[in-house]
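In: With the sequence up front, the predicted model follows.
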Amino acid sequence: MKACLALAALLACTLAAAGEFSVNPVRLELGAAVRSGAITVRNEGKQPLSFQLQAMEWTQDAAGKDQYQASGDLIFFPKIMTIAPGEEGVVRVGTRTPVVAAEKTYRLFIEELPGNTQAAAEGDPQITFLIKFGAPIFITPLKPDDGLDMTELSLAKGELTLAAKNNGNRHQVVQGIVLTGVDASGQPVYSMTLADRYLLAGAARSYTSTIAAEQCARIASLEVEYKTDKLVTKRRMAVTRAMCRTQ
């Protein structure tokens, strides 16, 4: 009965959409040459929008997953702002440590706050979906150095595992991880593209992909191309029937 009442209450609520806003630029690169920058938030909707801002240090753990923790390394203003419809708010961003040997990475989170919608004014219950956007902030190293290595490539029971490491001192944007399998005559019989975004300095990331048994049995050789905005690395491996057996 309680579950039914809860569902009825939910269905009776008004669904209030998140505010419409745009952010430009979507990321900043600061450093010794450029110590400060600005991010513009524009209210594209018809209601005033309020935001709170928070800077977090951004790292990636051993599995390549993003990790965030509070940081005071960035200087930014304002911390809270309200933007009228069709208007813009400007966030000034600076760094306390402009000179670094290895890139430091942060995200400036711009989080929409609950506001007064038409439904709220009329006293209707509502569920509001709010948007939180994290703008990447990079403190570039004094002497950039790029390196990329594919540290693992294996296939067992039809499951492909690969890993890549950013050996450089600044981030790389992953543009595509392309898997291509060919048969004994060299004809393509398998293709797959894995998606990713950022590989931070010194970070490693692993990926898995399952190849269907029928396709796997036709593959004699598998090549992986890992492409970023800065470098490309490739590895090739021979594939045997034993690697494709699931049992």
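Out: Looks like it arrived, so ask away. Remember, it's a predicted structure, so these values are computed and weren't measured experimentally. Numbering: from 1, shown residues only.

In: OK, contacts around the most centrally placed residue in the chain?
Out: For the chain, the residue nearest the mean C-alpha position is residue 197 (5.2 Å; CA atoms, centre = their mean). Each residue near residue 197 by CB atoms under 8 Å, 6 or more residues apart in numbering is listed here: 173-174. The way it works is simple: take the backbone N, C-alpha and C, and place the C-beta from them, glycine included.

In: Let me know the pLDDT of it.
Out: The model reports residue 197 with a pLDDT of 92.

In: ok, now residue 4?
Out: Predicted confidence (pLDDT) for residue 4: 39.

In: From residue 242, how far off is the closest residue to residue 191 other than its chain neighbours?
Out: Closest residue to residue 191 apart from its sequence neighbours, by CB to CB, 6 or more residues apart in numbering: residue 180 at 5.6 Å. For residue 180, the distance to residue 242 (CB to CB, to the nearest Å) stands at 21 Å.

In: Between the two, which has more neighbouring residues?
Out: residue 180 (18 against 9; other CB atoms under 10 Å).

In: The more buried one against residue 189, yeah?
Out: No. Here residue 180 does not reach residue 189: they are 9.3 Å apart, not a contact under CB atoms under 8 Å.

In: pretty sure residue 223 contacts residue 180?
Out: Yes. Counting by CB under 8 Å, residue 180 is a contact partner of residue 223 at 4.9 Å.

In: lowest confidence element among the helices and strands of the chain?
Out: Within the chain, no helix or strand scores below helix 2-12, which has a mean of 37 by mean pLDDT, DSSP states H and E.

In: care to break the chain down by domain?
Out: If you go by automatic domain parsing, the domain ranges for the chain are 14-139, 148-244.

In: Flag the shaky bits of this structure, pLDDT-wise.
Out: By pLDDT under 70, the low-scoring segments of the chain are 1-18, 116-128.

In: now with 80?
Out: By pLDDT under 80, the weakly predicted segments of the chain are 1-19, 115-129, 247.

In: quick one: the helices in it?
Out: Along the chain, counting by DSSP state H, helices occupy 2-12, 118-121, 213-218, 241-244.

In: tell me what the third one is packed against?
Out: Contacts of helix 213-218 with other secondary structure elements, assessed using 3 or more CB pairs under 8 Å, 6 or more residues apart in numbering; DSSP states H and E, are made with strand 188-194, helix 241-244.
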